[in-house]
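Engineer: compute the structure for the input listed below.
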Amino acid sequence: MKKPVDPADLDLFRAEVQNALPLQHDYAEPVRKRPPPIPRPRAPELPEDGGATLSEAAVQTHEFLLYARPGLQQRVLSDLQRGAIAVGLEVDLHGLSITVARRVLADFLIECGHRRVRCARIIHGKGTRSPDQQPVLKQKVNYWLRLHAEVLAFCSATRRDGGTGAAYVLLRNPNKAKREAAKG
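Structural biologist: Next comes the predicted model:
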């Protein structure tokens, strides 16, 4: 229910605005156009053979995964191994065929770049249900991650995050990559 206005207040208001003039303008409010969306760049898929620099047979897969590109600071690698770097995204490859897992991993790494993720977790499993009790996906992930240029390092996760059935992946800082491209 609307409260009635006191007649004295109404008279005071009318006295104050009696000489007021309406604002004159002959333009409509401009339409603010949104900037076009930034397209997602499609990174090239992981190479089939890794080129002449790395063969799959040369990559040994131990129970505990550990890989770092030359030049990576030891402190950063230690933080990754301890699980001290916050995980931005994760993907679970359990039960996928090698072909599907490869595509999912490639798409996942592209998505990490788009979302500016610095550290990701990949769950590949321990291979206990694989034929001969061998971790097939773990071996493949160990090889595929080495081929991807955006991967700086990876290692097996801590026990709380999956242990040797998962891996932390440290990705290039997307802001730093843009600055280096602008310099060159």
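Engineer: Glu63: what's it in contact with?
Structural biologist: Each residue near Glu63 by Cβ atoms under 8 Å, 6 or more residues apart in numbering is listed here: 156, 164. Just so you know, the C-beta spots here come from the backbone N, C-alpha and C atoms, and that holds for glycine as well.
Engineer: quick check: the gap between Ile98 and Lys140.
Structural biologist: Per Cβ to Cβ, to the nearest Å, Ile98 is found 6 Å from Lys140.
Engineer: between the two, which one's more packed in?
Structural biologist: When neighbours are counted by other Cβ atoms under 10 Å, Lys140 comes out ahead of the other of Ile98 and Lys140, with 19 against 13.
Engineer: distance from the chain centre to whichever strand or helix holds that one, please.
Structural biologist: Using DSSP states H and E, Lys140 maps to helix 136-147. Between the centre of helix 136-147 and the centre of its chain there are 19 Å (Cα atoms, centre = their mean, to the nearest Å).
Engineer: again, but for stretch 22-42
Structural biologist: 30 Å.
Engineer: what residues of that stretch count as buried?
Structural biologist: Within stretch 22-42, no residue is scored as buried using 16 or more other Cβ atoms under 10 Å.
Engineer: for the residue nearest the centre of the chain, what are its contacts?
Structural biologist: By Cα atoms, centre = their mean, the chain has its centre lying nearest to Cys112, at 2.5 Å. Neighbouring residues of Cys112 by Cβ under 8 Å, 6+ apart: 88-89, 120, 150, 171.
Engineer: contacts for stretch 117-137?
Structural biologist: Residues outside stretch 117-137 that contact it (Cβ under 8 Å, 6+ apart) are 61, 80, 85-94, 96, 98, 101, 105, 108-109, 111-112, 138, 140-141, 145, 154, 157, 161-171, 173.
Engineer: tell me where the model's unsure across this protein.
Structural biologist: 1, 41-61, 128-133, 174-184 (pLDDT under 70).
Engineer: distance check, Val100 against Leu72.
Structural biologist: Using Cβ to Cβ, we find Val100 at a distance of 30 Å from Leu72.
Engineer: what about the strands in this protein?
Structural biologist: Applying DSSP state E to the chain gives strands spanning 66-68, 89-92, 119-123, 151-156, 166-171.
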